[in-house]
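Enquirer: Next one to model:
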Amino acid sequence: MKSCPSANASWMGDSVRMYKSVDVNVVMGNGDNLYTPLIQGVDGRGVKSISDELSSNLESIEEGTVAGENFNAVGTVTFMNMGMYGIKSCAPIIRAPQAVALALGAAENRVVPKENPEGDDDLYDTNVMLTATLSCDHRVVDGAVGAQFLSAFKAAVEKPETLLL
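Expert: Numbers count the residues shown, from 1 in each chain. Just a heads-up that it's a prediction; the model follows:
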């Protein structure tokens, strides 16, 4: 969201509100119910801190001890991982007043053309790939801004070490 701050916004009836903090709802479930705990201030936190909070939230869900405002609050964006269920892609529903929701599909091996083939027998390779689908409220985030968001997300996934900075 730092790379595309225009997506960290919401529609407020007759105007757009831009947010300084990136607060992410992550869709989680226990088989029977879905929850969307809020991870606040991810733009100023490290990967380990975010991972620890996600683990703690998942533990609360699995133990049936879901409580607190973080399980009822709405952030500035929602992420969902449908890949863990073997789903290749999904069109996420935007939670009001958020402007974007991102869904991730299953990681899978895909045949792709080689960038520098060394002959007719060496044209293809396999890469691990996944589908990321972004739903946007077009009153706030148009197609160009949505593409910038996905481009920034792709860059972070392809070079995760940039998230450690």
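
Enquirer: what element comes up after the helix-or-strand element of the chain with minimal mean pLDDT heading to the C-terminus?
Expert: The weakest-scoring helix or strand in the chain, judged by mean pLDDT, DSSP states H and E, is strand 28-29 (a mean of 86). Note on strand 28-29: by DSSP states H and E, the next helix or strand toward the C-terminus is strand 34-35.

Enquirer: average pLDDT for the helix or strand following that following strand?
Expert: Using DSSP H and E, the helix or strand that follows strand 34-35 in sequence is strand 38-39. Mean per-residue pLDDT for strand 38-39: 95.

Enquirer: partners of strand 38-39, with directions?
Expert: Here strand 38-39 has these sheet partners by DSSP bridges: strand 24-26 (antiparallel).

Enquirer: residues making contact with the strand it pairs with?
Expert: 36-39, 42, 54, 57, 73-80, 95, 98 (Cβ atoms under 8 Å, 6 or more residues apart in numbering). (Each C-beta comes from the backbone N, C-alpha and C, glycine too.)

Enquirer: Direction included, what does the least confident helix or strand of the chain pair up with?
Expert: strand 34-35 (antiparallel).

Enquirer: How far away from the center of its chain is the strand it pairs with?
Expert: Chain-centre distance of strand 34-35: 16 Å, with Cα atoms, centre = their mean, to the nearest Å.

Enquirer: model confidence over it, on average?
Expert: Mean predicted confidence for strand 34-35 is 89.

Enquirer: which residues are contacting it?
Expert: With Cβ under 8 Å, 6+ apart as the criterion, strand 34-35 contacts 27-29, 57, 61, 66, 71.

Enquirer: Relative to residue 86, which of those residues is nearest.
Expert: Within those, proximity to residue 86 (Cβ to Cβ) peaks at residue 29, which comes in at 14.5 Å.

Enquirer: Report the separation between the nearest residue to that closest one once chain neighbours are set aside and residue 92.
Expert: Once flanking residues are discounted, residue 29 sits nearest to residue 35: 6.7 Å by Cβ to Cβ, 6 or more residues apart in numbering. From residue 35 over to residue 92 the distance is 15 Å, taken as Cβ to Cβ, to the nearest Å.

Enquirer: And residue 156, by the same measure?
Expert: Counting by Cβ to Cβ - residue 156 and residue 92 are separated by 18 Å.

Enquirer: Just want to know which of those two has more residues nearby.
Expert: Using other Cβ atoms under 10 Å as the criterion, residue 156 and residue 92 rank with residue 92 on top: 18 against 14.
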